[in-house]
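Trainee: okay, predicted coordinates and the sequence, questions at the end:
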Amino acid sequence: MVKPNWDTEELIENWTLVPTELELVRNKVGGNQIGFALFLKHFQIFTYFPDEKSSIPQIIISYIANQLKIPESSYSDYDWQGRTAKVYRVKIRRLFNFRVATVQDSVEMSDWLIKEVLPHEQKFESLVETVYQRWRELQIEPPTSGRIERLIRSAISQYESDFCYHTLSVLSKETLAEIDILLTTEHSLNTEEKQDSLKLKTSEFAFLKTDPGPVGLESFLTEIEKLKRIRSIGLSLNLFAGVSPKLIKTYRHRAATETPYLLRQHPPAIRYTLMAAFCVQRAQEITDNLIELLMSIIQRIGTRAERRINKELVSDFKEVTGKTNILFRIAEVAVAEPSGVIEKVIYPVVSQKTLKDLVAEYKATGTAYRQRVHTVMRSSFASHYRRLIPQLLEVLEFCSNNDIHRPVIQALELLKKYAQSKSLRLLRFGRGLLSSLLYNQQRRQNFCVQSPLPFVAKWGNIMGHRLHYP
C-alpha cells in the first residue's frame with residue numbers, strides 16, 4: 001500500500017521520470033501515459049504493481065501528469081485491468097528482468113520461511129517485509145498482498161505445529177506428568193468427600209507466576225522454593241538449543257496469560273510446549289530475582305545496622321567545628337611546653353569538654369564506628385539471615401574461569417558440601433576458610449567483602465546474574 005502523504009523531496013527522489021523513462025512513456029497515448037508511468041515507477045520502487053487504481057494517491061498522479069505535460073484528469077480514462085495494462089506489466093517485468101511468481105515459488109517461499117526465518121522472528125509485520133525483500137532478491141514479482149498474508153500465516157501455523165510436536169517428542173513421560181500436576185486445580189479427595197463436593201485449589205502454575213514480593217528472608221526462600229519446583233519437572237537444559245530466545249519468550253508470555261483451565265484445553269503438543277517454554281524462562285527470571293533480592297537484603301542489613309548504631313551514638317555525638325585549628329593549637333602548646341601538665345597547658349587552650357566531643361566524633365565516624373556497624377551486621381546475619389546461604393548454594397552453581405577466583409570457588413564448594421552437616425566445627429571451619437579467602441580477595445581487588453552473604457551477591461554481579469541452572 002502506497003503511503004498517502006509525500007513531501008516534495010520524496011516525490012522528486014522516487015517519482016521523477018528520467019529521460020530514458022520519459023522516452024518509453026512518450027509513445028503512449030493520453031491516459032495510458034500516466035498509467036504506464038505509474039506502473040513503471042511503482043514497480044521500480046516496490047518491485048510489484050499496485051493492487052487497485054485507488055491505491056495511488058492523487059498527489060503522485062498530479063506529479064506524474066505535470067512531468068508529462070498532460071491533464072491529470074486523463075488518468076480516469078486508463079483501463080486498470082484492461083488488455084493494454086496487462087501488456088504494460090509484461091514489458092516492465094522484462095525491463096527489470098523479473099518474472100511472475102508461480103505456485104512452486106510460493107511453496108519454496110513457505111519452506112524458506114519455516115527453515116530460515118520463523119525460528120528467529122514471528123512478528124507478522126516484520127515477516128511481510130522479509131518476504132517482499134526475498135521476492136526482490138529472487139527477481140520475482142510477488143503475488144497479491146492477500147495471498148502473501150495467507151502464505152505467511154500458513155507458514156507460521158506449519159512451523160508452530162512442527163516445533164510443538166518436536167518438543168513433545170523429546171519430553172519424557174515423567175516430565176509430562178509433572179507439567180500436568182502444575183496445571184491441576186483439584187484436590188485429591190477420598191470417595192466420601194467426592195460424593196459431597198468438588199474442592200478446588202490454587203494451581204502450582206499460579207504460584208510460579210507470582211512476583212517475589214517485599215524484600216526479606218521469606219520472599220527469598222519462596223523464590224528458592226519456586227526454582228526447586230521448576231527443576232523438579234526435569235526439563236533438559238538443551239531443550240530449546242538453537243531456538244531464538246525471542247521465540248521462547250513469545251511462547252512463555254502466551255502461557256503466562258492463560259489460566260490452567262485454558263492451557264488444559266490445548267492439544268497436548270501445544271500445551272506442553274507452552275508450559276516448557278514458561279518453565280525454562282521462568283527459572284532464569286527467578287534466578288535473577290534471587291540475586292536482586294540478595295543484594296537488597298545485604299543493603300537492608302547494612303542500613304539497619306547503621307541506623308541502630310547512629311541511634312545509640314546520637315546522644316553522645318556532637319560535631320566539633322574547627323577541628324584542624326584545635327589540633328594545631330594542641331600541637332603548638334605541646335611542643336612549646338613538652339614537660340608541662342596537661343591540665344595546666346592544654347585545657348586552657350582547648351577545654352576538656354571539646355576533647356571529649358572530638359573523641360566521641362571519632363568513634364562515631366571513624367574505624368570504631370565501622371567496626372560496630374559490622375558487628376551488628378554479623379549479628380543480624382547470624383541470627384536471622386544465615387539460613388538462606390545453604391539454600392542459595394543448593395540451587396545456584398557459581399563458576400569462574402579466572403584463576404584468581406578459583407580458591408574462593410573451591411571454598412564455596414567446600415561450604416556447600418558441608419552445608420547440611422550437623423557438625424558446628426565443620427561449618428565454622430568452612431565459613432572461616434571462606435572469610436579468609438574473601439579478605440585476601442578484598443585486599444587484591446579493593447571491594448568490601450566481609451562475610452559469605454555479600455560475597456555471593458558480589459559474584460552475582462561479576463557474572464552478570466547469568467549463573468548455571470543445574
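Mentor: Looks like it arrived, so ask away. Numbers count the residues shown, from 1 in each chain.
Trainee: buried stuff in the helix or strand where residue 153 lies?
Mentor: Using DSSP states H and E, residue 153 maps to helix 145-170. Across helix 145-170, burial judged by 16 or more other CB atoms under 10 Å covers 148, 151-152, 155-156, 159-160, 163-164, 167-168. Where you see a C-beta, it was placed from the backbone N, CA and C, and this is true even at glycine.
Trainee: and residue 141, bridged to which residues?
Mentor: Under DSSP bridges, the beta-bridge partners of residue 141 are residue 100.
Trainee: and it, what does it touch?
Mentor: Residues in contact with residue 141, defined by CB atoms under 8 Å, 6 or more residues apart in numbering, are 43, 47-49, 93, 98-101, 135.
Trainee: coming back round to it: could you give me the average pLDDT of the helix holding residue 153?
Mentor: For helix 145-170, mean pLDDT rounds to 91.
Trainee: packing partners of it?
Mentor: On a contact count with 3 or more CB pairs under 8 Å, 6 or more residues apart in numbering; DSSP states H and E, helix 145-170 meets helix 103-112, helix 124-138, helix 268-313.
Trainee: what sits against residue 170?
Mentor: Residue 170 touches 236, 239, counting by CB under 8 Å, 6+ apart.
Trainee: how near is it to residue 151?
Mentor: 29 Å (CB to CB, to the nearest Å).
Trainee: also residue 39?
Mentor: Distance from residue 39 to residue 151, by CB to CB: 24 Å.
Trainee: pLDDT weak spots in the stretch 351-470 of the chain?
Mentor: For the stretch 351-470 of the chain, the stretches with pLDDT under 70 are 351-389, 418-470.
Trainee: adding mean pLDDT, write the helices and strands packed on helix 145-170 out as TSV.
Mentor: Formatted as TSV, these follow (pLDDT from 0 to 100):
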stretch	mean pLDDT
helix 103-112	93
helix 124-138	92
helix 268-313	80
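Trainee: most tightly surrounded among those?
Mentor: helix 268-313 (a mean of 19; mean count of other CB atoms under 10 Å).
Trainee: tell me the angle that one makes with helix 145-170.
Mentor: 80 degrees (axes from the mean of the first three to the mean of the last three CA atoms, to 10 degrees).
Trainee: so what's the residue count around residue 45?
Mentor: 12 (other CB atoms under 10 Å).
Trainee: report the contact partners of it.
Mentor: Listed by CB under 8 Å, 6+ apart, the contact partners of residue 45 are residue 14.
Trainee: mind checking the SS state of it?
Mentor: Three-state assignment for residue 45 (DSSP: H, G, I helix; E, B strand; the rest coil): helix.
Trainee: any idea of the pLDDT on it?
Mentor: So residue 45 comes in at 88 (pLDDT).
Trainee: ok, now how distant is it from residue 67?
Mentor: Residue 45 sits 16 Å away from residue 67, going by CB to CB.
Trainee: with residue 128 instead?
Mentor: Taking CB to CB as the criterion, residue 128 is separated from residue 67 by 31 Å.
Trainee: that's a helix at residue 247, yeah?
Mentor: Yes: per three-state DSSP, residue 247 lies within a helix segment.
Trainee: so it sits against residue 120, correct?
Mentor: Yes: assessed by CB atoms under 8 Å, residue 247 is found in contact with residue 120 at 7.0 Å.
Trainee: and the two? which has more neighbours close in?
Mentor: More crowded of residue 247 and residue 120, by other CB under 10 Å: residue 247, with 19 against 11.
Trainee: give me the pLDDT for the more buried one.
Mentor: 84.
Trainee: what's near enough to touch it?
Mentor: 118-120, 122.
Trainee: cool, and residue 150?
Mentor: Residue 150 neighbours (CB under 8 Å, 6+ apart): none.
Trainee: distance of it from residue 19?
Mentor: In terms of CB to CB, residue 150 sits 41 Å off from residue 19.
Trainee: do residue 3 as well
Mentor: From residue 3 over to residue 19 (counting by CB to CB), the distance is 27 Å.
Trainee: what do you get for residue 413?
Mentor: As for residue 413, its distance to residue 19 is 78 Å (criterion: CB to CB).
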